[in-house]
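**Student:** A structural model of the following input is requested.
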Amino acid sequence: MAHLGTESLKLLLVLVHHAPWGGKGNPFRLALGRLGDAEGGDGAAASAAEMGAAAGEGRGGPRVPFRGLFEAVCQHMDTELATLLLYSLLHGSRMFADFVTRSGEVAGLMTPLLHSLYAIASKSTSQLYLLLIILLMLTQNQALTRALHA
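**Tutor:** Residues are numbered from 1 along each chain as shown. Next comes the predicted model:
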């Protein structure tokens, strides 16, 4: 990852996880919750976008190409920053979590995730903890679990 990209990701993660004083909501975390797919794609994505819009997600929020974001996170899964970004996206954006679990490229995520868990000696305890939480979050989806066992 380029230096500017790394520093930008650090800034994004700080802004998303910052808890403001005075009971105010974090606008960056709220924007992450409304994150939408810029590519849209198939009917399943459209119905998920409609469900998300009904719940206040995806409407008026930033739009990014989920496929490109997914591929970038998978390429850099061995870094702690990418692991934290993936956790933040899965936890904070229901539309992104739906995209990941519906994606036909689940092996593209599971393989680097499991490889990172296997290479435990080179990971910090916080990254190992995040990897385990991500694995738990993904395996709670019954459709994804069935697809992995098929």
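**Student:** and for the nearest residue to residue 97 once chain neighbours are set aside, the neighbour number?
**Tutor:** Spatial nearest neighbour of residue 97, excluding adjacent residues (CB to CB, 6 or more residues apart in numbering): residue 90 at 4.9 Å. Backbone N, C-alpha and C define where each C-beta goes, glycine included. Counted with other CB atoms under 10 Å, the neighbours of residue 90 add up to 18.
**Student:** who touches the helix or strand hosting residue 90?
**Tutor:** Following DSSP states H and E, the helix or strand that holds residue 90 is helix 80-92. Contact with helix 80-92 is made by 1, 6, 9-10, 12-13, 16-17, 29, 32-33, 35, 69, 72-73, 76-77, 96-97, 100, 116, 123-124, 126-127, 130-131, 133-134, 137-138, as judged by CB atoms under 8 Å, 6 or more residues apart in numbering.
**Student:** go again with 7 Å.
**Tutor:** Residues outside helix 80-92 that contact it (CB atoms under 7 Å, 6 or more residues apart in numbering): 6, 9-10, 13, 16, 29, 32-33, 73, 76-77, 96-97, 100, 124, 127, 130-131, 133-134, 137.
**Student:** next, the buried residues of that helix.
**Tutor:** For helix 80-92, the neighbour count (16 or more other CB atoms under 10 Å) marks 80, 81, 82, 83, 84, 85, 86, 87, 88, 89, 90, 92 as buried.
**Student:** relative to residue 144, which of these is nearest.
**Tutor:** residue 90 (11.7 Å; CB to CB).
**Student:** pLDDT-wise, which helix or strand of the chain ranks last?
**Tutor:** helix 43-54 (a mean of 45; mean pLDDT, DSSP states H and E).
**Student:** how about the strands in this protein?
**Tutor:** 36-37, 63-64 (DSSP state E).
**Student:** mind checking how far the residue positioned nearest the centre of the chain is from residue 64?
**Tutor:** In the chain, the centroid-proximal residue (CA atoms, centre = their mean) is residue 89; its distance is 2.9 Å. Per CB to CB, to the nearest Å, residue 89 is found 10 Å from residue 64.
**Student:** before we move on, what about residue 78?
**Tutor:** Using CB to CB, residue 78 is found at 22 Å from residue 64.
**Student:** so how many other residues sit close to residue 29?
**Tutor:** For residue 29, the count of nearby residues is 16 (other CB under 10 Å).
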